[in-house]
Each structure stands twice: as structure tokens, then as C-alpha cells.
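J.: build me a model from this:
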Amino acid sequence: RGPLAAVLFAAAVCCSPVSASQKETRSDAKTDCSRGGLGFGTDCDVVPSCNKFSPNKIDYHDPDVAVFDNIWNETACCALCQQHNDARPPSAPNSTNCTIAVWHGFGTCHLKSTAAEPFNSTTVVALQPIPVPPVVPLRFASIYTDHVVLQAAPLRSVVWGFANVPLGTPVTVTVDGPEVFAVQGALLPLPSGTPYSDQWIWRAVLPATAASLEPHSITVSAIGDNATIIDVLFGDVYICGGQSNMEYSINGSNGAIIKHPPINDSNSEITTMKRSEYSAIRLIRAGHRTSTGPSLELPPPAQGGETYAPVLGWTHPCPTIDGEVTCRVDMSALCWLFGRNIFNGLADRGTPRPIGMIESCWSGSPDEAWSTADGLKQCGLPGKANGGMYQGMIRPLLNTTIKGAIWYQGEEDAPHPAGVGGYNCTFPTMVKSWRSGWLEGTGETDPLFPFGLVQLNSVGNKSVYNNPPGVSNASSAFEPGFAGLRWSQTSGHGYVPNPSQPNTFMAVSYDTPDSPPQFDVHSPFKQPTAARLARGALAVIYNVSVDTISPLVGRVSRTADQRGLVVEITNVGQGVAPLRSSRGFEVLVDGKWLSVPVTTATATAVTIPQVPTAAKKLRYNWYDNPCGYGCFECAVYVNVNKLGNWSGEMDFLPLPPFMVDLLV
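T.: Alright, predicted model coming up:
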């Protein structure tokens, strides 16, 4: 299919125009809705909206109202809206076309064809066609703007865009003028059915260019016409994907509205963003879009929370907007902090290089939405109507050379860690589909590009020890819930990399829960997670010497008196730290889990003095919130040397959860 891959295939389908009544609904709602929301349509931008008037008047018997059960988030609700449209026979009257979705948030999605009164406190989303860029002789694709970071050597960076010139016209791409270097671009036809009126797509592969803090300009030219982007840096480019904990921004917004408190110590973090050296870190945030076919360009973002206007294209961390320095508080906190930590870790070692961070994530999304149809089929989901976010928010990036990706997601998939369509299959398969897609799209991105993930944080305050209720199969590590999902995130190995997940690194986060009384799944303590993720990246990607990335469980044996267990710890860094708690370990006895307190620690092991001889399995921290209500309250940590002085970098790391058979 050529170097542009399937990104440039398939038709895009536009949604129905938005009626005047729907526009009125949107303008009413902005200050009166008790909850906001975003939906999506096939290659359509989204408009959040609510209707404060006449609640409780949806007529569910109206033939224009479709009701679907067991829909647990607005993402799935709005996907059904598009499916409803796609399935509508061409002869059906326009009145049956769904242009508004109403999400009650507790199990039912109602698709409406009019703007008539939804309930109070519901999410309503109107779909409207994507604005098509004006036709000009030459332009760069929207992922390439002023201030962009392009991937540096040893990889070659791909650039592309749109052209309206006669067939056979030479297209030239130059960096800092022809006296530095110029390459000939190729003209390729646009896929049929796209909303674009352009004639061609131009594409060029730049020579491998060393990472540098020096800015460049890049110009594409053809028969007297040209387009230029300036302040371009060559460095390392990362994708930030996932759901709400990745989208959780510095100011507490999730893509459009304020949903959470600002991250911990946010004022200090925002002040730090203004440091002059961080101008070499560049940021771009995608909007929300799902698509039944490949999209060409990223959707633009919505506002960044309350009155924070959307920022289009690449920027410095604190760009000047309308004459004022405005820091990117709308950006994913984890994405920013990870990029900053990588920059600091390299600069502190005398090898500074620009870092580009691309945020493309969506709250409440399952991993199936980010995978390919082929990948879903491999996991037993041949009829799964999903993959829409892959098409709308990942495909537009596949022609851009990248260094790697980081991922924080899984909460939405906690009910099905294994089995048909289980996360232990869909997640590693999704990563494989990304890697193959980027290789095909660029011909340059590493086919095993490094992939970092965050193991799920804690949620709730109901850790139960000693035979927890509601367990259908006590011996299974893949029991539905956060504990089983954490195990699935490592494909059942308990660690990465592993045979199913090569060139992967992971940050453990379950010891940084949200504070009482919320006990929410969205912890504001993003700094430790970002620091642990950066530790893995610096070691795996940049060969920075670290004493350990993460401790792991080793051999388990009986104590000398045969009454207890000695649990050896590997990758201990500077040694196992003094125990912070006695709880967390359990053994399986006669089909029930029994808590067994841990009492002592040496530099390389911990001891559980009393364990029944009939115990068959040992597990550690196997609950939604296993460690307590505050940060860093798990039992077992190892001491480590800090890699830097950035926020969240600690001199200890937690032992990840595990489950092992007892053969003693």
C-alpha cells in the first residue's frame, strides 16, 4: 500500500447538519448544565451541549428516539448515535437521523433526532460536519505547524501535506533553504470520498538530522508557490494515549471542562513550566473524534477547561497568546511531566535534546476503541463495533515519525481482564497494531518502538482481607476488577518487558490514591507516576544507568522452622526498605484467601512468619485500593538512587502486585 499506509484510504462520512434549534440548545446550556460532556461522530467534530429546559419530557415511545441498554459512558453512547446513522436505509426520512445523543450515565443511552428537552444533569451532544480547510496551492498537514518537534536521527522524519498543482509538478522540501539541503517530494492521490477538495497529497522523507536545540525552518515549494513552518526542532517525539487519567490536565480539565481538582501542587508546576530551557519541550493536543474509516488529520481540541480557549497546533509550554504568557494548563499532566522529566534526565547528563509530546486520548474510552479491526478479531471480537478512536485520533499520526508512546488506560476495561475480548489480549494486540501502523505509515519508525504504560492506580476505600466476598474464582489472577486488570496489563506475567510485550516499561501507581473523602479513580498525584515512567524510559530508551526500574518478586521458600515464608525480592536497587505496613500478603487456603502479616525485611527479602501448610498460592496487594488512604503506604518498597531533582522523583519504588503458586 505504499509508505502512506492505510491512513490515506477509505471514505469519510459526514454527519447531518445541525439545526437551528440544536444551536439554540447549545447556546443555552453552557452555564446551566450540572455536567458537561463530549460526543463524536464519524469524521465529525463535536459540540458539547446541554438543555436546561423542561426536564423529564423525553418521549421514549417516540419513533425518533432509540434506546440502548448497558451503555456506561458517553463515548459508547455517541458511538451508537453514529451506528444508528450508518444503519439508516438511504430511503429513510431525514427525521430518523440521530444528531443528538443523551447519556444518563447509568446504563442507558438515548439517541434523539430532535433537540427536545433531555433530562437535567444529562450529557447531550450535537454532531456537526468537520470544517474543511480552505484549498490552497500548498500546505502542511495540521500535525506540522510552527514550533513542531520532528523526530531526530538516527530515524528520518517524514513530512507531508496537501497540494493543488498540475500532475507531474516537482515538489521540493528544503530545510533552512536549499543551501542546507533539499529533498524531492512525491505527489500521491487523495483517497476517494474524503471531505477534502485538494488534488494531491505531497510527502517527503527528510535526511536523518541530529537532535539540536537550534531552530530550523522547513519550506515546501512547487512552481512558485510555497508554505513554510518555522521554529522547528529535531528531537524525540512521543504519543500520550489512554483515557481520563492521561487526559487529566494540569488544571483538572479533561479535554474540555473542569472535572477534577488541579493536580497536586499545580501552582508550583505551572511556575516551573515557564523556565526558559523548557522552550525546547513542545506540546500539541488533539481533539476528540471517532471514525468508521481512516481520518487524514487530527481533530482540533475543544477548550481547555471553563474559559480557557483551545490552543491549536504546536506550542512552547507557556506560549504568548493575545499578548499574554499563557501556560498550557490544558495539557495532559502526565504527558507534560513525563516529557519534562525526560528532558531533565538527558540535560542533567550533558545530552539535552528537544522533546515533542502529542496528546491524543479520551476519557472513559476502552482499549478496543484504540485498536484495529484486525487486532480485535485476533481477540475474538470480529463483530466489535469499535476502533473508532484509532481511526479518528491515531491514524492521522501514522505518517509522522515518532520515538515512542506512553499509555494510561484500563479503568474502563476492569470488568473483563481476560476471556474472549479480555484486556490480556486486546492491550498487547493494540500495541502491536500501533507499531505495525507506524512502520507502514512512515517506513522509519522503529517496528518495536518503546511503549510505556501506567499500571492502574487505586480506587475506593473498601480493601477487604480474609476471604473477600463476591469472588467467583478465588484462584484466578484475572478476577474482574482493578487487581485483575493490573495483572492483565502485564499479560499475566506481573512484569514488563515479557514475551507478549517486548521493549515495554511500566510505572506502578497504586500507592498514590486520591485523598479522602473522594477516593476517586482520578488521583491528582501525577508527579510520582510520571517520575517512575520516566525512570523506565531513561533506562530502556536512552541507556541511562539506573540501579533498578522496579523491584520484582523472586523465589518464595519456607522458613527454617517451616511455619512461614521467605519472599525474596529481585531488582532491589539499594536494598529493601524497612516495612511500612504489615498487610498486603495473602495465601489461598481451601479456596479462601487468608491475610498473613509480613513482619521483617532484609536487604533482599521479607518474611511472613505464620503461613498454613495447606496454602496453595501467595498474592500481594490484590485489591482495588490495597495500601491505604494516603500516598506511599504499601508494605514493601526498595530504596533507589534518585535520577534528578524534579517533582515526584523519590528515593524509593514500590513492589508491584503479584500472584504465585506455592510449591513448598
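J.: surely residue 627 and residue 637 touch.
T.: No: at 10.6 Å, residue 627 does not count as touching residue 637 under the criterion of C-beta atoms under 8 Å. Just so you know, the C-beta spots here come from the backbone N, C-alpha and C atoms, and that holds for glycine as well.
J.: run a quick neighbour tally on residue 428.
T.: Residue 428 sits with 25 neighbouring residues when counted by other C-beta atoms under 10 Å.
J.: show me what the host helix or strand of it is packed up against.
T.: Per DSSP states H and E, residue 428 falls inside helix 423-442. In terms of contacts (3 or more C-beta pairs under 8 Å, 6 or more residues apart in numbering; DSSP states H and E), helix 423-442 is packed against helix 373-378, strand 451-454, helix 482-489.
J.: report the secondary structure state of the closest residue to residue 219 other than its chain neighbours.
T.: Excluding the flanking residues, the one nearest residue 219 by C-beta to C-beta, 6 or more residues apart in numbering is residue 228, at 4.4 Å. The three-state label given to residue 228 by DSSP: H, G, I helix; E, B strand; the rest coil is strand.
J.: distance of residue 228 from residue 175?
T.: 11 Å (C-beta to C-beta, to the nearest Å).
J.: show me where the stretch 201-350 of the chain has strands.
T.: All strands of the stretch 201-350 of the chain, identified by DSSP state E, counting those that start in this stretch, fall at 212-222, 225-242, 281-285, 320-321, 324-325.
J.: thought the residue nearest to residue 219 was touching residue 216?
T.: No: counting by C-beta under 8 Å, residue 228 sits too far from residue 216 to count as a contact (10.7 Å).
J.: hang on, the earlier thing: which neighbours do residue 627 and residue 637 share?
T.: Residues touching both residue 627 and residue 637 (C-beta atoms under 8 Å, 6 or more residues apart in numbering): there are none.
J.: more neighbours, residue 228 and residue 175?
T.: Each of residue 228 and residue 175 has its neighbours counted (other C-beta under 10 Å); residue 175 has more, 21 against 14.
J.: neighbours of residue 520, how many?
T.: Neighbours around residue 520, by other C-beta under 10 Å: 15.
J.: name the nearest residue to it, sequence neighbours excluded.
T.: residue 514 (4.3 Å).
J.: measure that neighbour to residue 458 for me?
T.: Per C-beta to C-beta, residue 514 is found 8 Å from residue 458.
J.: overlap in contacts, the two.
T.: In contact with both residue 514 and residue 458: residue 523, using C-beta under 8 Å, 6+ apart.
J.: more neighbours: which of those two?
T.: Between residue 514 and residue 458, counted using other C-beta under 10 Å, the more crowded position is residue 458 (25 against 22).
J.: count the neighbours of the residue lying closest to residue 161 once chain neighbours are set aside for me.
T.: Nearest residue to residue 161, sequence neighbours excluded (C-beta to C-beta, 6+ apart): residue 140, at 4.1 Å. By other C-beta under 10 Å, the residues close to residue 140 number 21.
J.: surely residue 140 meets residue 226?
T.: No: here residue 140 lies out of contact with residue 226, judged by C-beta under 8 Å, at a distance of 10.9 Å.
J.: name the residues contacting each of these two.
T.: The contact sets of residue 140 and residue 226 overlap at residue 220 (C-beta under 8 Å, 6+ apart).
J.: quick one: contacts for the residue nearest to residue 161?
T.: Counting by C-beta under 8 Å, 6+ apart, residue 140 has contacts 159-161, 220, 227, 229.
J.: let's see the pLDDT reported for it.
T.: The model reports residue 140 with a pLDDT of 97.
J.: go on, residue 295?
T.: What the model reports for residue 295 is a pLDDT of 85.
J.: same question for the one 3 residues further on.
T.: In the prediction, the pLDDT value recorded for residue 298 is 90.
J.: how many residues are close by it?
T.: For residue 298, the neighbour count with other C-beta under 10 Å is 24.
J.: ok, now which ones touch it?
T.: Counting by C-beta under 8 Å, 6+ apart, residue 298 makes contact with 142-143, 286-287, 360, 393, 396-397.
J.: which stretches of the stretch 51-200 of the chain have low pLDDT?
T.: Scanning the stretch 51-200 of the chain for pLDDT under 70 picks out 51-132, 193.
J.: any stretches of the stretch 301-450 of the chain with poor pLDDT?
T.: Ranges of the stretch 301-450 of the chain meeting pLDDT under 70: 303, 305-307, 383-386.
J.: ok, 90 please
T.: 301-312, 321-324, 326, 362-365, 373, 380-389, 391-392, 415-416, 418-421 (pLDDT under 90).
J.: which residues touch residue 281?
T.: By C-beta under 8 Å, 6+ apart, the neighbours of residue 281 are 316-317, 336, 339-340, 343, 354-357.
J.: how about residue 660: what's its closest non-neighbour residue?
T.: Spatial nearest neighbour of residue 660, chain neighbours left out: residue 618 (5.5 Å); criterion: C-beta to C-beta, 6+ apart.
J.: my guess is that neighbour is in a helix, correct?
T.: No: the assignment for residue 618, made by three-state DSSP, is strand rather than a helix.
J.: that one bridge partners, please.
T.: Beta bridges link residue 618 to residue 587, residue 660 when assigned by DSSP bridges.
J.: dump the residue contacts of it.
T.: Shown in contact with residue 618 (C-beta under 8 Å, 6+ apart): 556, 565, 567, 585-588, 659-660, 662.
J.: which one of those residues sits in the busiest neighbourhood?
T.: residue 586 (26 neighbours).
J.: the closest residue to it other than its chain neighbours is in what secondary structure piece?
T.: Closest residue to residue 586 apart from its sequence neighbours, by C-beta to C-beta, 6+ apart: residue 593 at 4.5 Å. Residue 593 is part of strand 592-595, with elements assigned from DSSP H and E.
J.: what pLDDT, on average, does that strand get?
T.: Averaged across strand 592-595, pLDDT comes to 91.
J.: check for me that residue 533 belongs to a helix.
T.: Yes: Residue 533: assigned to a helix according to three-state DSSP.
J.: pretty sure it sits against residue 496.
T.: No: look at residue 533 against residue 496 with C-beta under 8 Å: they stay out of range, at 11.9 Å.
J.: what touches both of these two?
T.: Residues touching both residue 533 and residue 496 (C-beta under 8 Å, 6+ apart): 505-506.
J.: surely the residue nearest to residue 586 and residue 619 touch.
T.: Yes: taking contacts as C-beta under 8 Å, residue 593 lies within contact range of residue 619: 7.4 Å.
J.: please enumerate the helices of the stretch 151-300 of the chain.
T.: Taking DSSP state H, counting those that start in this stretch as the criterion, the stretch 151-300 of the chain carries its helices at 244-247, 266-273.
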